[in-house]
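*Asks:* got a structure for you, letters missing:
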């Protein structure tokens, strides 16, 4: 079965849901929408991870069926916000059973990252998480029932969701869940990651086969050439021997051609790494990009190797007002902290330092100032 669960879940939460949820949470519609956009792919990715094997899918089915989720509520989601016990029951199911079952001890870090990524309050992020998890699992319960899926077919469906989620994931959210990058988060699923691995394996095998074929051809060519020139070599040796015998002059035997050895490839230059590590950001953004992810990974390895304690200080460029920039610098430092934690660095080893001032980078470069420093 080829179904994009992210698209289907977004459609199920369409209509006035964002407006109603923002009113319930006391947040703006734009911030609530941003929070949902960050949360949904991570939620479905977590579900997919847990159910990507028949055994995992069986456990997921038990969780969904045991939560007494009402699939009929999906036909009137707006009614959940209309008073009564519907929303309270939903939040109770999310907080008491479903969120802990899916995210375990990562729930707190997820709430903090969701708040940082969207700008909503931590309390609002907590309630949004408790609200969205049971709604999405109710949607999944209905989908499973409509399609007649069992543990095997459900695991196949969930394992295929990687390509649908890859571009929608937020580094800060996956970092809070304990992964260095969205790619690492989706590593256990099928799709692009598995295809890439298969392509890499095929390329290596193909290269090895080509090398073996080339070596065999060279051997055949060498033997063939030697056999072709062997009579001439013998003849030259006989002539040299006769010349030496009849003239009495020492003769120098023909020089053996010296094999030309190809120069050895130069050793790869070591990758420069060390404190302070500098993590750079785009203008007005606290999102961690691929290059910054590599820097954070290197920093995390250095910290874990030495058990180092580090400080994080965020900076911004000179554009915009100081108060906004200081808040942005703080958000960048929080994003780096969450990513380091996701890479295995204990939170106790990380100290957040407030931005002392808004810095213009060396030589007047704004790009240099949009960064977080990781210092010992």
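*Replies:* Sure, I can see it. All of these numbers come straight from a predicted model, not from anything done at the bench.
*Asks:* Mind checking what secondary structure the spatially closest residue to residue 376 that is not a sequence neighbour has?
*Replies:* Beyond its immediate neighbours in the sequence, the residue positioned closest to residue 376 (Cβ to Cβ, 6 or more residues apart in numbering) is residue 275, lying 5.0 Å away. (Glycine included, C-beta is placed from N, CA and C.) Put simply, residue 275 is coil when judged by DSSP: H, G, I helix; E, B strand; the rest coil.
*Asks:* Spit out the contact partners of residue 275.
*Replies:* Counting by Cβ atoms under 8 Å, 6 or more residues apart in numbering, residue 275 touches 299, 302, 308, 310, 374, 375, 376.
*Asks:* The last one and residue 310 touch, don't they?
*Replies:* Read that as residue 376. Yes: under the criterion of Cβ atoms under 8 Å, residue 376 lies in contact with residue 310, with a separation of 5.9 Å.
*Asks:* now the strands for this structure?
*Replies:* Remark: strands assigned in the chain by DSSP state E are 277-280, 310-314, 350-353, 371-375.
*Asks:* Looking at those strands, spot the one closest to residue 53.
*Replies:* Comparing the strands of the chain against residue 53 with Cβ to Cβ, the closest turns out to be strand 350-353 (34.0 Å).
*Asks:* can you give me how far the closest one is from the chain middle?
*Replies:* In this view, strand 350-353 has its centroid 24 Å away from the chain centroid, taken as Cα atoms, centre = their mean, to the nearest Å.
*Asks:* Touching it from outside, list them.
*Replies:* The set of residues that contact strand 350-353 without belonging to it, under Cβ under 8 Å, 6+ apart, is 309, 310, 311, 312, 313, 330, 333, 334, 337, 340, 341.
*Asks:* again with stretch 281-293
*Replies:* Where contact means Cβ under 8 Å, 6+ apart, the residues beyond stretch 281-293 that reach it are 116-117, 170-172, 175, 180-181, 279-280, 296, 317, 319-320, 328, 331-332, 334-336, 339, 366, 370-372.
*Asks:* Quick one, which of those are buried?
*Replies:* Judged by neighbour count, with 16 or more other Cβ atoms under 10 Å as the criterion, the buried members of the contacts of stretch 281-293 are 116-117, 170-172, 175, 180-181, 279-280, 296, 317, 328, 331-332, 334-336, 339, 370-372.
*Asks:* thinking again about what came up before, emit the PyMOL select command for whichever of the contacts of residue 275 are buried.
*Replies:* With 16+ other Cβ under 10 Å as the criterion, this PyMOL line picks the buried residues out of the contacts of residue 275:
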select buried, resi 299+302+310+374
